[in-house]
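K.L.:
Fold the stuff below for me.
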Amino acid sequence: MDEETLSRVYDDPLAHWFVTEAYRITDTTELIAATGEQIVAAGLPLYRLAYFQRTLHPEFSGKGYFWRRGRGVEVDSVPHGFQAGADYRDNPLPAVYEHRKIFRFRLEGEEPQAPVLRQLKSEGATDYVALPLFFTGGHIDALSIVSDRPGGFTGSDLDRLYLLHFAFTRIVETHSLRDTATNLLDAYVGRAAGERILAGEVKRGEGQTIEAVIWYCDLRGFTRTSDVLPRDSVICLLNDYFGAMGAAVTSAGGEILKFMGDAMLAMLPIPDPAGRAATVSRAVHAASVAAQSIAVLNGCRVATGEQTLKFGLALHLGEVMFGNIGASRRLDFTVIGPAVNYAARLEKITTVAGCPIVLSQAVAELLPRDAVQPLGRHTLKDIDQPQMVYRLGDMPG
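P.N.:
The predicted structure is shown next:
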C-alpha cells in the first residue's frame, strides 16, 4: 500500500482496533465474533461475516466461520472432495478462489441462482460481497460480507471495508499457519507431542520421565494376510483396525504414539500417583471398547465376504521417557524405556493364552479383584523371571 492508503487505513478507529487489539485474539472463532461486532459498532451495515479457511487436515479440507449479527459464530468443517461437488460449483466462492476476483451480488435485484444467496435473501439480506485474502506464500483464503440494509453497502462502505481487509488478512494468516501446523502435528505425532514440539521441545534427547499405562496391540496373521490380499484391501483392513483401536484410545484421553506395520503403540499418561487407579480403569475400559468395535467391524466384514480381524492387546504400567529420539535431523517424539519393551513382550502372550487382551501385574493390582482373572506365570522374551499375566474377567477367550 502507498503512503496515502496507509494513512487512510490507520486513521480509521476500526483499523486501529485491528492493529492494537485484534492481533491479541488467538482463537479464530473469537476473532471472527469480535470482528463482526466491531464492524457493526463502527456503523457499517453488516448482517453476516464469513471467513473461509483452507487448511491441511486428514479429515477435512477447511473450515467456515459464520458470524451473524445477534447470533454469534457457527463453525462448519468442509469435507475433502467438497470442491468437486455441485454445492461448491453453485457457489460464489469458485470465482474468488480460482479467478482471484471480488464477487458482488445485489440481492434486492434479480433472483440469485446460487443456493447460499437464495438462503441469504430469504433471511432479508440485500447485498453480498466475497473477496480473496492473499497470504504471503501464495495461499488464498476467502471472506464474505453481507448487508441487510435497504440498498446494501454504499461505495464508501466497501471502500472502507476493502482497506480494512488488509489488516484482517495479516491476522488470519497467522491463525491459518498456526492451525495448519497444529493439525499436522496432531495427525502425525499426536496432540500431546505436537503441543510440546510447538512449545519449543525440539532438541534431540530432550524429554520428560512420566508414568503411564502403555498400550501395545497388533493384528494376528497379518504377514500372511498382506501376502494374499490386494494392496488396497490391506490398506483398508489396516485403516479399519487402527480406526477402531485409535478411537478407543483417544476417547479415553490417551495418546497414539506410532504405527509400526500392523502394530500400534499408545499411552494414557498418569497425571499424579493419586490418578493411577483412575487411569488404569480408563485404559481397561478403552480396551473393552476396542474389542467391541472390532467385533462390530468383523460382523460387517463377514457380511461383505471379507476376512475378519484378530488382534492381541497388552496393557502395562510404568515409567517412560517421553521426548525426542532419533537422528540429528530426523526425530521421533515417542516413549522409550523398559515399560515399553515389557508391554511389547507381554502382547505376545495373547497368542499363547488364547485371549485377545492381557494385563500386567502392575495393571491388575489397581483393578477390583473380580475384574481380572489370573493366567498364571509366563516367560517373556529377555525378562529373567516368569511373570504373572492377567485377563479381563468379562472378556471371552
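
K.L.:
how far away is Leu346 from Gly261?
P.N.:
18 Å (CB to CB, to the nearest Å). (Glycine included, C-beta is placed from N, CA and C.)

K.L.:
ok, Thr279 - how many residues close by?
P.N.:
When counting by other CB atoms under 10 Å, one arrives at 24 neighbours for Thr279.

K.L.:
quick one: which of Leu346 and Gly261 has more around it?
P.N.:
Leu346 (26 against 11).

K.L.:
Quick check on the more buried one: phi, psi?
P.N.:
Geometry field for Leu346 lists phi and psi as phi -60, psi -40, criterion degrees, to the nearest 10.

K.L.:
Ok, the one 4 residues further on next?
P.N.:
In this entry, Thr350 is assigned phi and psi values of phi -60, psi -30 (degrees, to the nearest 10).

K.L.:
My guess is it contacts Ala291. True?
P.N.:
No: applying CB atoms under 8 Å, one finds Thr350 not in contact with Ala291, separated by 11.5 Å.

K.L.:
what do those two both touch?
P.N.:
Leu313, Pro356, Ile357 (CB atoms under 8 Å, 6 or more residues apart in numbering).

K.L.:
circling back: compare Thr350 and Ala291 (neighbour count), which wins?
P.N.:
Between Thr350 and Ala291, Thr350 has the larger neighbour count (other CB under 10 Å), namely 23 against 20.

K.L.:
From His285, how far off is the closest residue to Ile383 other than its chain neighbours?
P.N.:
Excluding the flanking residues, the one nearest Ile383 by CB to CB, 6 or more residues apart in numbering is Arg345, at 6.4 Å. Distance, Arg345 to His285, using CB to CB: 24 Å.

K.L.:
More neighbours: which of these two?
P.N.:
Neighbour count, other CB under 10 Å: between Arg345 and His285, Arg345 has more, with 19 against 13.

K.L.:
The more buried one: what's it in contact with?
P.N.:
Leu380, Lys381, Asp382, Ile383.

K.L.:
Quick check: mean pLDDT of stretch 33-47?
P.N.:
For stretch 33-47, mean pLDDT is 95.

K.L.:
Output that stretch as PDB, nothing but the C-alphas.
P.N.:
Output of stretch 33-47 as PDB, limited to C-alpha atoms (Å, rounded to 0.1, in the frame of the first residue of the first chain):
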ATOM      1  CA  ALA A  33     -17.100 -12.800  16.500                       C
ATOM      2  CA  ALA A  34     -15.100  -9.700  17.700                       C
ATOM      3  CA  THR A  35     -14.500  -8.500  14.100                       C
ATOM      4  CA  GLY A  36     -18.200  -8.700  13.300                       C
ATOM      5  CA  GLU A  37     -19.200  -6.800  16.500                       C
ATOM      6  CA  GLN A  38     -16.500  -4.100  15.900                       C
ATOM      7  CA  ILE A  39     -17.700  -3.600  12.300                       C
ATOM      8  CA  VAL A  40     -21.300  -3.100  13.400                       C
ATOM      9  CA  ALA A  41     -20.200  -0.800  16.200                       C
ATOM     10  CA  ALA A  42     -18.300   1.300  13.600                       C
ATOM     11  CA  GLY A  43     -21.600   2.000  11.900                       C
ATOM     12  CA  LEU A  44     -21.200  -0.300   8.900                       C
ATOM     13  CA  PRO A  45     -24.400  -2.200   7.800                       C
ATOM     14  CA  LEU A  46     -23.100  -5.800   8.400                       C
ATOM     15  CA  TYR A  47     -25.500  -8.600   8.800                       C
END
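
K.L.:
all numbers from here: first residue = 28
P.N.:
Sure, I'll start counting at 28 from here, so that last one is stretch 60-74.

K.L.:
Any buried residues in it, and which?
P.N.:
Ala60, Ala61, Thr62, Gly63, Gln65, Ile66, Val67, Ala69, Leu71, Pro72, Leu73, Tyr74 (16 or more other CB atoms under 10 Å).

K.L.:
which residues are contacting that stretch?
P.N.:
With CB under 8 Å, 6+ apart, stretch 60-74 has contacts from 40-41, 44, 49, 52, 76, 94-96, 99-100, 150-152, 172-176, 179-180, 184, 187-188, 195.

K.L.:
let's see it at 7 Å
P.N.:
When contacts are defined by CB atoms under 7 Å, 6 or more residues apart in numbering, stretch 60-74 is touched by residues 40-41, 44, 49, 52, 76, 94-96, 99-100, 152, 172-176, 180, 184, 188, 195.

K.L.:
same for the longest helix seen in the chain, what does it pack against?
P.N.:
Identified as the longest helix of the chain according to DSSP state H is helix 182-216. Contacts defined by 3 or more CB pairs under 7 Å, 6 or more residues apart in numbering; DSSP states H and E place helix 182-216 against helix 30-37, helix 40-47, helix 55-68, strand 154-161, strand 167-174, helix 218-225.

K.L.:
Give me the next element, helix or strand, following the third one.
P.N.:
So that's helix 55-68. Using DSSP states H and E, the helix or strand that follows helix 55-68 in sequence is strand 75-81.

K.L.:
what helices or strands is that next one leaning on?
P.N.:
Using 3+ CB pairs under 7 Å, 6+ apart: strand 75-81 touches helix 55-68, strand 89-95, strand 167-174.
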